[in-house]
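> for reference, the sequence and a predicted model appear below.
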Amino acid sequence: MSLVRLRTFMEVYRQRSISGAARALNLTQPAVSQHISGLEVAVGRPLFERQVHGVMPTAVADDLAADIGNSLDTAESALSSARARSMDVSGTLQIIGHADFMAEKLSGELLPLLESGIRVHMHTGDGPLVAQMVIEGHCDLGITAHPVTDPRLKGEVIFRDRVVAVAAPAVAARLQENADFSAGLIAEPLLAYDLKLSLIDHWLDKNRIKYQTLLPAVVGQDLRGQRSLLCRGFGWSVMPAFLCHKQLDQGELVSLPAPIGDTEIRYNLIWLPSALRQPRVAHARQALVWGLGNTGHDLVTRK
């Protein structure tokens with residue numbers, strides 16, 4: 001089986017679409033169909049069932065995809081990285097992620113890419129938008145705190161951090177004086193990322209703090225805004241330690257005691273496997289994996 005046929009098969013398998021695979025591979029639809037037909041002859045069984053909208057893998061295709069696993073992506077990534085070291089990687093990299101992470105963590109890791117001639121366009125969005133923009137090809141790479149569930153995407157954890165509950169010293173002191181810390185905490189104004197209480201719900205659940213209806217006083221998807229309000233003495237929140245460690249060190253904020261323990265957040269770098277065929281994207285992915293991977297663990301263990 002040729003590498004070209006296997007690559008085409010994996011792209012059709014991920015996309016569930018001949019036309020989608022053709023766009024990703026920069027091939028014509030007849031060429032993709034020909035590669036699949038040739039592979040079906042070699043295997044001796046049909047690999048896809050043609051449907052009105054796209055194709056559906058057969059059991060034989062599922063088995064073949066499982067056998068191939070990540071080996072094809074790994075080989076292509078290695079080849080692209082090698083090409084990037086000997087080729088001009090200049091051009092524009094489109095990357096999307098959470099606004100606060102992009103500003104406070106990602107921007108510091110972009111210097112090697114910029115020095116290599118890559119121009120960077122940074123976009124912001126929540127988890128679902130990040131995945132959508134990468135899948136649709138509008139962005140080359142995405143960074144999200146949401147788990148990677150779409151089979152068309154590949155992802156790697158590039159940064160981990162503790163998630164802590166914080167408030168201004170006056171608010172923390174008031175809570176410490178309350179005989180029932182949990183009740184006092186729920187009674188204070190809450191600042192949240194969204195109405196689903198992302199990050200907050202896991203912290204409360206782990207610490208067995210019961211709540212029925214918890215309506216945030218402020219909702220915003222850039223936690224730096226919440227941080228400013230917290231430092232001015234309003235309410236409490238839960239956020240990654242990298243967003244508040246300076247304020248904790250300076251005494252503007254205080255870490256609220258976790259009855260059982262703090263939780264953890266994981267940021268994933270996500271991409272379409274076909275995107276790594278571009279040396280610029282492969283080079284950027286490797287640089288960010290290495291750069292951010294070497295900064296996250298110190299903060300995870302930071303007390």
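Great, that's in hand.

> which strands or helices does the top strand by length along the chain pack on?
Looking across the chain with DSSP state E, the single longest strand is strand 154-167. Packed against strand 154-167, as judged by 3 or more CB pairs under 8 Å, 6 or more residues apart in numbering; DSSP states H and E, are the following elements: helix 200-206, strand 236-240, strand 254-255, strand 263-271, helix 279-293, helix 296-300. (Glycine included, C-beta is placed from N, CA and C.)

> and with 7 Å instead?
strand 236-240, strand 254-255, strand 263-271, helix 279-293, helix 296-300 (3 or more CB pairs under 7 Å, 6 or more residues apart in numbering; DSSP states H and E).

> most neighbours per residue, which of these?
Ranked by mean neighbour count, the helices and strands packed on strand 154-167 are led by strand 236-240 with a mean of 26 (mean count of other CB atoms under 10 Å).

> and the angle for it with strand 154-167?
For strand 236-240 against strand 154-167, the angle by axes from the mean of the first three to the mean of the last three CA atoms, to 10 degrees is 150 degrees.

> please enumerate residues in contact with strand 236-240?
161, 163-167, 171, 185, 188, 190-192, 199-200, 203, 223, 226, 230, 256, 265 (CB atoms under 7 Å, 6 or more residues apart in numbering).

> okay, that strand in CSV with CA atoms only?
Backbone C-alpha positions of strand 236-240 (Å, rounded to 0.1, in the frame of the first residue of the first chain) are rendered in CSV as follows:
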residue,chain,number,x,y,z
TRP,A,236,-14.5,35.9,44.5
SER,A,237,-13.6,33.6,41.6
VAL,A,238,-11.7,30.5,40.5
MET,A,239,-8.9,30.8,37.9
PRO,A,240,-5.6,29.3,36.7
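
> helix or strand right after that strand?
Next helix or strand after strand 236-240 toward the C-terminus (DSSP states H and E): helix 245-250.

> buried residues in that next one, which are they?
Neighbour-count burial for helix 245-250, counted by 16 or more other CB atoms under 10 Å, picks out H245, Q247.

> now swap in stretch 195-208 and tell me
Buried, per 16+ other CB under 10 Å, within stretch 195-208: L197, S198, L199, I200, H202, W203, L204, K206, N207.

> what's the closest of these to A42?
The closest of the buried residues of stretch 195-208 to A42 turns out to be S198 (CB to CB; 47.2 Å).

> now that closest one: which helix or strand?
S198 belongs to no helix or strand when assigned by DSSP H and E.

> so what's it closest to, chain neighbours aside?
In space, and not counting its chain neighbours, S198 is closest to A192: 7.5 Å by CB to CB, 6 or more residues apart in numbering.

> what about the residue lying closest to K210 once chain neighbours are set aside, which SS state?
Excluding the flanking residues, the one nearest K210 by CB to CB, 6+ apart is S182, at 7.1 Å. What DSSP: H, G, I helix; E, B strand; the rest coil gives for S182 is helix.

> show me where the stretch 1-150 of the chain has helices.
3-15, 18-25, 29-43, 59-68, 71-86, 99-101, 111-115, 127-135 (DSSP state H, counting those that start in this stretch).
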